[in-house]
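K.L.:
requesting a structural model of the entry that follows:
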Amino acid sequence: MGIVVQKYGGSSVADAAGVKRVAQRIIATKKAGHDVVVVVSAMGDTTDELIDLANEVTPLPPARELDMLLTAGERISMAVLAMAIQSLGFDARSFTGSQAGVITDAEHGRAKIIDVTPGRIVEALGEGAIAIVAGFQGVSQTTKDITTLGRGGSDTTAVALAVALKADVCEIYSDVDGIFTADPRIEPRARKVPRISYEETLEMAAQGAKILHLRCVEYARRYDMPIHVRSSFSDKEGTWVVKAEDVTEGDTMEAAIITGVAHDRSQAKITVVGVPDKVGEAAAIFRAVAEAQTNIDMIVQNVSAAATGRTDISFTLPRAEGQAAMAALSKLEGEVGYERLQYDDSVGKVSVVGAGMSTAPGITATFFAALADAGVNIEMISTSEIRVSVVVAESQVEAAVNAAHAAYNLGSDEIEAVVYGGTGR
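P.N.:
Residues are numbered from 1 along each chain as shown. Predicted coordinates for the structure are as follows:
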């Protein structure tokens with residue numbers, strides 16, 4: 001049989017018992033005749049603890065040294081997992097990202113994979129060993145420094161290795177049994193989706209669903225690598241992420257129009273109040289935000305007031321980047337001549353996603369009516385061919401998710417979703 005790449009999240013290897021359980025699953029795959037390559041995240045909350053440690057030492061940890069620190073978490077996981085497998089009588093070898101041939105650019109903290117040259121992995125497989133690779137990390141092609149891929153980057157490591165090794169499948173293990181129609185932590189009647197397209201998964205991930213790392217799905221779509229999302233705590237069939245043509249109407253449980261509801265509580269909103277309504281002002285604002293390395297999501301510009309000739313421009317962005325954007329915009333006050341800045345970090349985003357909505361009238365009306373009935377006020381709206389998103393008060397996110405989920409009849413008669421570990425990764 002062929003190569004199987006398996007990725008285990010932090011909740012799956014949170015402690016020694018979890019490591020031993022994962023080792024048994026890996027060995028079972030090996031006994032079934034597959035060559036096995038495993039990518040691991042840091043154990044439990046190790047990455048968060050390392051970040052806290054760095055921030056206690058200095059409020060501004062140097063990016064290069066922070067990457068060196070954070071990659072220690074995955075190196076611990078790979079070593080102890082290799083030990084557990086060897087204790088059960090099977091050969092296992094651990095490799096850092098650089099040893100596995102993960103080549104990246106030089107952007108510390110959010111490096112992108114340029115190439116994967118898995119010579120040592122191929123050699124280990126050829127000698128009958130199980131290869132254990134530290135996720136989330138690589139080595140810069142230019143500086144030769146250790147880099148990290150950003151939070152959730154182990155997913156991307158796994159898919160990139162699967163593509164480079166021409167694996168049959170990339171299995172992503174977490175603490176839930178697959179991809180559900182909503183986060184089971186706030187919607188207990190969420191249903192598991194048997195198959196979902198790359199495009200729908202991209203939208204769900206981009207809108208805040210803690211399913212898969214966004215870049216991992218992009219990579220899989222580009223190279224047509226099937227992903228099997230499943231739980232390391234059970235043997236149930238999970239969710240297959242595949243090409244759109246491989247998804248049938250039955251796979252989406254007669255809900256071909258709407259696949260699921262995603263939410264994101266990590267958003268903030270900035271409003272630039274009283275911007276002169278003339279050519280070039282919006283460009284100046286967003287150029288400054290871009291130079292602050294800020295990723296913008298939704299944008300709304302009001303119609304200018306006839307009496308003043310001024311308008312308001314609002315946009316959302318990751319909460320972690322809010323202060324950098326505000327600082328950049330403050331420097332523009334004299335140049336642009338806006339009246340003031342408003343910052344709101346108590347907002348959230350709720351989205352409905354489905355490949356069938358572009359040809360189904362009434363989807364948006366149903367969404368908005370459900371929110372209105374639940375008493376949820378909409379602050380901003382954004383749409384694509386397969387997604388409608390709204391910004392609401394953070395305190396109303398859960399009510400909005402539940403209302404939308406019920407409005408599209410996405411719920412199950414029985415509780416299908418079990419959160420085994422607690423983090424979802």
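
K.L.:
Ile270 is in contact with Gln323, isn't it?
P.N.:
No. Between Ile270 and Gln323 there is no contact under CB atoms under 8 Å: 10.4 Å. In this view, the C-beta of every residue, glycine as well, is placed from N, C-alpha and C.

K.L.:
so which of those two has more stuff around it?
P.N.:
Set Ile270 next to Gln323 and count neighbours by other CB atoms under 10 Å: Ile270 wins out with 22 against 13.

K.L.:
how long is stretch 83-97 from one end to the other?
P.N.:
Counting by CA to CA, to the nearest Å, you get 18 Å between the two ends of stretch 83-97.

K.L.:
how about it, which residues are buried there?
P.N.:
Within stretch 83-97, the residues that qualify as buried by neighbour count (16 or more other CB atoms under 10 Å) are 84-85, 90, 92-97.

K.L.:
these: which two are farthest apart?
P.N.:
Greatest spatial distance among the buried residues of stretch 83-97 (CB to CB): Phe90 and Gly97, at 22.8 Å.

K.L.:
buried sites along stretch 393-403?
P.N.:
393-394, 396-403.

K.L.:
now what about it, what contacts it?
P.N.:
Identification of contacts with stretch 393-403 by CB atoms under 8 Å, 6 or more residues apart in numbering yields 182-183, 186-187, 261, 263, 265, 346-348, 350, 370-371, 373-377, 379, 390, 392.

K.L.:
off-centre distance for it?
P.N.:
The chain centroid and the centroid of stretch 393-403 are separated by 20 Å under CA atoms, centre = their mean, to the nearest Å.

K.L.:
average model confidence for it?
P.N.:
The average pLDDT within stretch 393-403 is 95.

K.L.:
cool, stretch 134-154 as well?
P.N.:
94.

K.L.:
what's the burial count for the spatially closest residue to Asn55 that is not a sequence neighbour?
P.N.:
Distances taken as CB to CB, 6 or more residues apart in numbering put Pro61 closest to Asn55, at 6.9 Å, once the chain neighbours are dropped. Neighbourhood size, Pro61 [other CB under 10 Å]: 18.

K.L.:
for Pro61, give its distance to Asp145.
P.N.:
15 Å (CB to CB, to the nearest Å).

K.L.:
same deal with Thr47?
P.N.:
With distances taken as CB to CB, Thr47 is found 19 Å from Asp145.

K.L.:
which of those two has more neighbours?
P.N.:
Neighbours of Thr47 and Asp145, each counted by other CB under 10 Å, are more numerous for Thr47; the result is 21 against 16.

K.L.:
okay, strands next: where are they in the stretch 251-400 of the chain?
P.N.:
260-264, 267-276, 299-301, 310-318, 340-344, 347-353, 380-384, 387-393 (DSSP state E, counting those that start in this stretch).

K.L.:
how about the stretch 51-200 of the chain?
P.N.:
Under DSSP E, counting those that start in this stretch, the stretch 51-200 of the chain gives strands at 92-95, 102-104, 113-116, 130-134, 137-140, 146-148, 169-174, 195-197.

K.L.:
give me whichever of these is most buried.
P.N.:
Looking across the strands of the stretch 51-200 of the chain with neighbours counted as mean count of other CB atoms under 10 Å, the highest average goes to strand 130-134: a mean of 28.

K.L.:
that strand pairs with which strands, parallel or anti?
P.N.:
Each strand that pairs with strand 130-134, with its direction, by DSSP bridges: strand 35-40 (parallel), strand 92-95 (parallel).

K.L.:
so how many other residues sit close to Ala54?
P.N.:
Under the neighbour criterion other CB under 10 Å, Ala54 is assigned a count of 17.

K.L.:
my guess is it meets Met68, correct?
P.N.:
No. Look at Ala54 against Met68 with CB under 8 Å: they stay out of range, at 10.3 Å.

K.L.:
can you pull the phi/psi pair for Asp235?
P.N.:
Backbone torsions of Asp235, given as degrees, to the nearest 10, read phi -100, psi 20.

K.L.:
burial measure for it, as a count.
P.N.:
For Asp235, the number of neighbouring residues by other CB under 10 Å comes to 10.

K.L.:
and what of Leu202?
P.N.:
Other residues near Leu202 number 23, with proximity taken as other CB under 10 Å.

K.L.:
name the helices or strands packed onto the helix or strand containing it?
P.N.:
Leu202 belongs to helix 198-206 when assigned by DSSP states H and E. Counting contacts by 3 or more CB pairs under 8 Å, 6 or more residues apart in numbering; DSSP states H and E, helix 198-206 is packed against helix 214-223, strand 239-242, strand 260-264, strand 347-353.

K.L.:
could you pull out the buried residues of the longest one?
P.N.:
In terms of neighbour count (16+ other CB under 10 Å), helix 214-223 has its buried residues at 214-221.

K.L.:
ok, so of the residues you listed, who is nearest Glu199?
P.N.:
Nearest to Glu199 among the buried residues of helix 214-223, with distances taken as CB to CB, is Arg221, at 7.5 Å.

K.L.:
how near is Arg319 to Lys7?
P.N.:
Arg319 is 27 Å from Lys7, by CB to CB.

K.L.:
could I get the helices and strands packed on helix 198-206 as CSV with distance to Ser174 and mean pLDDT?
P.N.:
Formatted as CSV, these follow (distance: least, CB to CB, whole Å; pLDDT from 0 to 100):
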stretch, distance to Ser174, mean pLDDT
helix 214-223, 12, 92
strand 239-242, 11, 94
strand 260-264, 16, 92
strand 347-353, 19, 94
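
K.L.:
relative to Gly309, which of the ones you listed is closest?
P.N.:
Taking CB to CB, strand 347-353 is the member of the helices and strands packed on helix 198-206 nearest to Gly309, at 28.5 Å.
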